[in-house]
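Undergrad: sequence unknown, structure follows:
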Ligand code: CO
């Protein structure tokens with residue numbers, strides 16, 4: 001089940017440059033994190049039930065660096081929080097959408113992530129994110 005739009009990912013050249021823009025818009029930065037499996041540094045700006053996620057590439061030969069060089073800074077992906085990432089991945093794959101990873105990978109804040117191929121989703125890169133159950 002898809003629970004909510006968790007965040008909108010935006011590719012930026014640097015977190016400092018991107019954060020300045022979003023602070024000017026009026027959002028507050030929650031924190032930064034290195035997501036090594038995705039080769040990105042991220043910064044989160046909560047807004048209501050969702051967040052703006054800034055993505056800075058960790059190196060030249062990374063997916064976000066390639067996105068920036070071909071398209072420039074801007075909206076990179078939408079992320080839906082799901083309750084069961086294996087079940088949702090299987091359901092969407094059965095509906096004809098390709099997955100980018102063979103199995104979910106570690107993401108920010110202890111989550112596990114998968115992506116749907118944008119050619120199968122009308123040109124929108126979609127991230128699926130399952131978070132660990134909240135402590136009792
Ligand atoms: Co994301």
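TA: That came through, no problem. Only a predicted model underlies this, so the values are computations on that prediction, with no experimental measurement involved. Residues are numbered from 1 along each chain as shown.

Undergrad: can we go C-alpha only for contacts and neighbour counts from here?
TA: Will do.

Undergrad: how long is stretch 61-75 end to end?
TA: Start-to-end span of stretch 61-75 (CA to CA, to the nearest Å) is 20 Å.

Undergrad: report the mean per-residue pLDDT for it.
TA: In this model, stretch 61-75 has an average pLDDT of 95.

Undergrad: excluding its own residues, what touches that stretch? List them.
TA: 8-13, 39-40, 55-57, 59-60, 76 (CA atoms under 8 Å, 6 or more residues apart in numbering).

Undergrad: going along the chain, name the helices of this protein.
TA: 15-25, 63-71, 85-94 (DSSP state H).

Undergrad: adding mean neighbour count and distance to residue 120, write these out as TSV.
TA: Output for these, formatted as TSV (neighbours: other CA atoms under 10 Å; distance: least, CA to CA, whole Å):
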stretch	mean neighbour count	distance to residue 120
helix 15-25	14	29
helix 63-71	16	18
helix 85-94	15	10
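
Undergrad: returning to what we had before: tell me which two in the contacts of stretch 61-75 are the farthest apart.
TA: With distances taken as CA to CA, the most widely separated pair in these is 8 and 60, at 22.6 Å.

Undergrad: tell me which of the two has more neighbours.
TA: Neighbours were tallied for residue 8 and for residue 60 using other CA atoms under 10 Å; the higher tally belongs to residue 8 (20 against 12).

Undergrad: which one is residue 81 nearest to, not counting chain neighbours?
TA: Leaving aside its chain neighbours, residue 81 sits nearest to residue 129 (4.8 Å; criterion: CA to CA, 6 or more residues apart in numbering).

Undergrad: what's near enough to touch that neighbour?
TA: Counting by CA under 8 Å, 6+ apart, residue 129 has contacts 79, 80, 81, 82, 85, 107, 111, 112, 113, 114.
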